[in-house]
Structures are given as structure tokens and as C-alpha cells.
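[1] 3D, please:
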Amino acid sequence: MTSNKWVRQTHRWLAIAFTVTVIVTFVALAQEEPVVWVSYVPLLPLALLLLTGLYLFALPYRTRRRRTGQPD
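    I've put the predicted structure just below:
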């Protein structure tokens, strides 16, 4: 599997993990005595989603520049 496919697959799984952590956070905070630190749990998958998303966003520009022969 090439690195681009690996990043794309990782991004998809991170999106699933982020969705699950947000749902768990909503359920945990809806309790009578919510645990406040649970609200920080979705931040890790969100940060990783940001990194992989930025990489995937820049990928077409990077390959286009490489095809035209322009230096990075």
C-alpha cells in the first residue's frame, strides 16, 4: 500500500474514531454528575484528522508541481 493510500485510509478510520468519541462525550456529559475531562477526549482524533486532512488537501498541488517540473 502506498503512503498516499495509507494516509487516506488512516484519515477515514480517524473520522470514525472522532465520531464515536463525540457520541461518547455527549452521553457522558448528559449524566447527572458529568466528568468534565471527558470533553477533551475528541481532541486527539480531531488533531490527527487535521494533520491528515491538510496532507490530503496539499497532495494534488504537490503532484501537479512535480509533473510540471517546478521545484518544491
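[2] for stretch 41-58, output the C-alpha coordinates as CSV.
    Only the C-alpha atoms of stretch 41-58 are listed here, as CSV (Å, rounded to 0.1, in the frame of the first residue of the first chain):
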residue,chain,number,x,y,z
VAL,A,41,-11.2,13.1,24.6
PRO,A,42,-12.3,14.0,21.0
LEU,A,43,-9.4,16.5,20.6
LEU,A,44,-6.7,13.8,19.9
PRO,A,45,-8.6,12.3,16.9
LEU,A,46,-9.5,15.8,15.8
ALA,A,47,-5.9,16.9,15.8
LEU,A,48,-4.8,13.8,13.8
LEU,A,49,-7.7,14.4,11.4
LEU,A,50,-6.4,18.0,10.9
LEU,A,51,-2.9,16.7,10.1
THR,A,52,-4.0,14.0,7.7
GLY,A,53,-6.6,16.3,6.1
LEU,A,54,-4.0,19.0,5.4
TYR,A,55,-1.8,16.5,3.9
LEU,A,56,-4.6,15.2,1.6
PHE,A,57,-5.5,18.8,0.8
ALA,A,58,-2.0,19.7,-0.3
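[3] which residues sit against it?
    If you take CB atoms under 8 Å, 6 or more residues apart in numbering as the criterion, stretch 41-58 is touched by V7, R8, T10, H11, L14, A15, A17, F18, T21, V22, V24, T25. (Glycine included, C-beta is placed from N, CA and C.)
[4] which among those residues count as buried?
    Among the contacts of stretch 41-58, those classed as buried by neighbour count (16 or more other CB atoms under 10 Å) are V7, H11, L14, A17, F18, T21, T25.
[5] dump those to TSV, plus distance to V36.
    Below are the buried ones among the contacts of stretch 41-58 laid out as TSV (distance: CB to CB, whole Å):
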residue	distance to V36
V7	33
H11	29
L14	24
A17	21
F18	20
T21	15
T25	11
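[6] these into CSV, with extra columns for pLDDT?
    Listed next are the buried ones among the contacts of stretch 41-58 as CSV, based on pLDDT from 0 to 100:
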residue, pLDDT
V7, 93
H11, 96
L14, 97
A17, 97
F18, 98
T21, 97
T25, 96
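[7] so of those residues, which ones are in strands?
    Here DSSP state E is the test, and the buried ones among the contacts of stretch 41-58 give no hits in strands at all.
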